[in-house]
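**Student:** Can you look at this prediction? I've put the sequence above it.
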Amino acid sequence: MSSSNPDRPDIVLIGAGIMSATLGTVLQELESSLTITMFETLHDCAQESSDGWNNAGTGHAANCELNYTPQREDGSVDISKALEVNTEFDLSRQLWSFLVRKGAIPDPSAFINSCPHMSFVWGKANVAFLHARFKEMSAHHCYKGMEYAEDRSTIAGWAPLIMDGRDDSEPVAATRMITGTDVDYGTLTHLLLQNLQAQSGFEVHYDSKVIGLDREADGRWRVTVQQGGRNHSVSARFVFIGAGGGSLPLLQKSNIPEGKGYGGFPISGIWLRCDNLSVAQHHNVKVYGKAASGSPPMSVPHLDARIVNGQHSLLFGPYAGFSTRFLKHGELTDLFDSLSIHNLIPLLDVARDNMKLSEYLVGQVLQSASHQFDTLKQFFPNAVRRDWREAVAGQRVQTIKPHESAGWFKHEAGELEFGTELVSAADKSIVALLGASPGASTAAFIALSVVQKCFGDRLTEDAWLPRMKAMIPTFGIDLKLDSEACRKVRAETATALKIQNV
Ligand SMILES: Cc1cc2nc3c(=O)[nH]c(=O)nc-3n(C[C@H](O)[C@H](O)[C@H](O)COP(=O)(O)OP(=O)(O)OC[C@H]3O[C@@H](n4cnc5c(N)ncnc54)[C@H](O)[C@@H]3O)c2cc1C
């Protein structure tokens, strides 16, 4: 039963980034009578990680990110994680296509554009790895159309900037998927919010920071909000904590037992950005390389074409770093405020087990600007310093997940999680999204996971299932296994989104 009392919405979404905007869109499509209230600390939506320049805008389909395809001891390559990410992106493509077809998003080119995805490596061992990876991936229907080259002129035809001026004696190899995309998640978030604001049951409140989450006697959640120096509260049946780096502190405030022991480790990022169109027009591709030893997966260096707010630029990076803030607009005390007796041991455990990561981050922080530029030159040998400037990327909070240690001496231990995690109360009345990888690309997958986890009883033929299948035609179908469904839905979504298909 939906509530029309603004102080008693059915649903509260915390944060106005791509994740809350996507979940709000899905829930509103499933049941238009739901009342949904969104609270956002800042003055507008998509000002943190979802802003176009705070992330790399890769439509992550695991086409080119080498960290998703580890090499086994015997030299073969494991593509199982890549296939998961690849088909999760299909869910986003279906949701966006649905919104385009119904006119809720007028022109998909405003946020998504074709941009081939390439992996590029140099050195004998890396070339052998890329070849083994190509053999494995190109044999699977999900990677239909993947190309491989060791020939320098072919690679130069795909991405001239990475080959001009390169040492001829070094073996190189590349793969390319022309179906790759660049996505401006900031513009997309704005489009989703515009569509939601046109619906009668939806309200968004900016400059409104959620500062309290308390359970009420009837199981609802009292959400306390600070707005213009004053506090007020609403009572909600269901709360989604989609606050990006701010999710961990809010999960802690909710006091649900399932959230105990979680910690967070912030990682900041710097890009090099080039807005010189005479350079940018020669690179309409995203080129991902191999990560340095010990580096976290999201700091794989890449040279990307970007289209943000309709403007063509290039981006290189990210150079990871360390900051104690959980959000770009957060506080220096965020990390310390998040420490508690419950997560201290898991945090120390992770610090002890990840010395290589700590060394990597310290090394990155100590790198001078000229060192950073030298890394760019490994990808773009003829890069000119004056064409590039530094830009601060979004902040990520890597999740530290508690678990009991193995062995005879059982103790609380911690594990560094590079993926995303939904942590929900036993009664499914509140759920927090922690972590940021693969990120915005899988927003639809995350929204569907929330629906399945927390509203599973509504997914029946006489309730939400028909609407769900209208939005996501392959709902319930495993595209990794069903090649015909995969081929069909990719062709349909490519047409709707005006992107390349093979
Ligand atoms: C350097 C970098 C590169 C990335 N590259 C990619 C990429 O190429 N492709 C990709 O798919 N993903 C990428 N990502 C990940 C992607 O950006 C994130 O996964 C995604 O934007 C997260 O969206 P969100 O809505 O959860 O968080 P955010 O966009 O951070 O939004 C959270 C919102 O919650 C608000 N908030 C916080 N606390 C409160 C509170 N107490 N009350 C009210 N509001 C609050 C914040 O102000 C913010 O607006 C990248 C991320 C980074 C940092």
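**Tutor:** Thanks, I have the structure now. Numbers count the residues shown, from 1 in each chain.
**Student:** Name the spans of the stretch 251-400 of the chain whose pLDDT lies under the cut-off.
**Tutor:** 292-299, 354-369 (pLDDT under 70).
**Student:** interface residues of it facing the ligand?
**Tutor:** Residues of the stretch 251-400 of the chain that fall close to the ligand, judged by Cβ under 6 Å from any ligand atom: 269, 318, 327, 393-394, 396. Just so you know, the C-beta spots here come from the backbone N, C-alpha and C atoms, and that holds for glycine as well.
**Student:** Show me those that map onto strands.
**Tutor:** 269, 318, 396 (DSSP state E).
**Student:** List the buried residues in stretch 213-233.
**Tutor:** For stretch 213-233, the neighbour count (16 or more other Cβ atoms under 10 Å) marks 213, 215, 220-221, 223, 225-226, 233 as buried.
**Student:** what does it contact?
**Tutor:** 8, 12, 14, 39, 205, 207-212, 234-239, 241, 250, 253-255, 427, 429-430 (Cβ atoms under 8 Å, 6 or more residues apart in numbering).
**Student:** Show me which of the residues you listed are buried.
**Tutor:** Buried among the contacts of stretch 213-233 by 16+ other Cβ under 10 Å: 12, 14, 39, 208-210, 234-239, 241, 250, 253-254, 429-430.
**Student:** Next to the ligand, which bits of the stretch 1-150 of the chain? Give me the list.
**Tutor:** 14-20, 39-42, 47-50, 54-58, 60.
**Student:** tell me the average confidence for the one helix or strand residue 231 maps to?
**Tutor:** Element membership for residue 231 (DSSP states H and E) is strand 230-236. Here strand 230-236 scores 97 as its mean pLDDT.
**Student:** same question, stretch 19-36
**Tutor:** On average, stretch 19-36 scores 98.
**Student:** roughly how far is it from the heart of the chain?
**Tutor:** Here stretch 19-36 is found 20 Å from its chain centre; the criterion is Cα atoms, centre = their mean, to the nearest Å.
**Student:** Same question for stretch 241-257.
**Tutor:** Centroid displacement of stretch 241-257 relative to its chain, using Cα atoms, centre = their mean, is 18 Å.
**Student:** for it, which positions count as buried?
**Tutor:** Using 16+ other Cβ under 10 Å as the test for burial, stretch 241-257 gives 241-254, 256.
**Student:** What of stretch 142-151?
**Tutor:** Here stretch 142-151 shows 142-144, 146-149 as buried, counting by 16+ other Cβ under 10 Å.
**Student:** go on, stretch 445-454?
**Tutor:** 445-451, 454.
**Student:** Could you do stretch 279-294 as well?
**Tutor:** Buried, per 16+ other Cβ under 10 Å, within stretch 279-294: 279-280, 283-291.
**Student:** closest to residue 189 among the residues you listed?
**Tutor:** Among these, residue 286 lies closest to residue 189 (Cβ to Cβ), at 20.6 Å.
**Student:** you'd agree that closest one is up against residue 119?
**Tutor:** No. Using Cβ atoms under 8 Å, residue 286 makes no contact with residue 119, being 9.8 Å away.
**Student:** and the residue lying closest to residue 275 once chain neighbours are set aside, what does it touch?
**Tutor:** Leaving aside its chain neighbours, residue 275 sits nearest to residue 313 (4.8 Å; criterion: Cβ to Cβ, 6 or more residues apart in numbering). Residue 313 is in contact with 273-275, 280, 305-307, counting by Cβ under 8 Å, 6+ apart.
**Student:** switch to 6 Å and redo it
**Tutor:** The contact partners of residue 313, by Cβ atoms under 6 Å, 6 or more residues apart in numbering, come to 275, 280, 306.
**Student:** Helices of the stretch 1-150 of the chain, start to end?
**Tutor:** Along the stretch 1-150 of the chain, the segments classed as helices by DSSP state H, counting those that start in this stretch run 18-30, 80-101, 124-138.
**Student:** what is the orientation angle of the longest one with helix 124-138?
**Tutor:** The one in question is helix 80-101. 50 degrees (axes from the mean of the first three to the mean of the last three Cα atoms, to 10 degrees).
**Student:** any idea of the pLDDT on the nearest residue to residue 171 once chain neighbours are set aside?
**Tutor:** With Cβ to Cβ, 6+ apart as the criterion, residue 171 has its nearest non-adjacent residue at 5.0 Å, and that residue is residue 127. Looking at residue 127, its pLDDT reads 96.
**Student:** Residue 349 versus residue 317, what's the distance?
**Tutor:** Distance, residue 317 to residue 349, by Cβ to Cβ, to the nearest Å: 30 Å.
**Student:** so what's the residue lying closest to residue 441 once chain neighbours are set aside up against?
**Tutor:** Nearest non-adjacent residue to residue 441, counting by Cβ to Cβ, 6+ apart: residue 60, 3.9 Å away. Residues counted as contacts of residue 60 (Cβ under 6 Å, 6+ apart) are 85, 438, 441.
**Student:** And the residues you listed, which of them are buried?
**Tutor:** Buried among these (16+ other Cβ under 10 Å): 85, 438, 441.
**Student:** would you turn those into CSV with pLDDT?
**Tutor:** As requested, the buried ones among the contacts of residue 60 are exported to CSV (pLDDT from 0 to 100):
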residue, pLDDT
85, 96
438, 76
441, 96
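**Student:** Out of those, flag the one nearest to residue 199.
**Tutor:** For the buried ones among the contacts of residue 60, the nearest to residue 199 is residue 441 (25.0 Å; Cβ to Cβ).
**Student:** center of the protein, which residue is that?
**Tutor:** Central residue of the chain (Cα atoms, centre = their mean): residue 439, 0.9 Å from the mean position.
**Student:** Looking at that residue now. What's its pLDDT?
**Tutor:** 91.
**Student:** rewinding a little: could you single out the most deeply buried of the helices of the stretch 1-150 of the chain?
**Tutor:** Greatest average neighbour count among the helices of the stretch 1-150 of the chain goes to helix 18-30 (a mean of 26), per mean count of other Cβ atoms under 10 Å.
**Student:** what's it packed up against?
**Tutor:** Judged by 3 or more Cβ pairs under 6 Å, 6 or more residues apart in numbering; DSSP states H and E, helix 18-30 is in contact with helix 185-197, helix 443-454.
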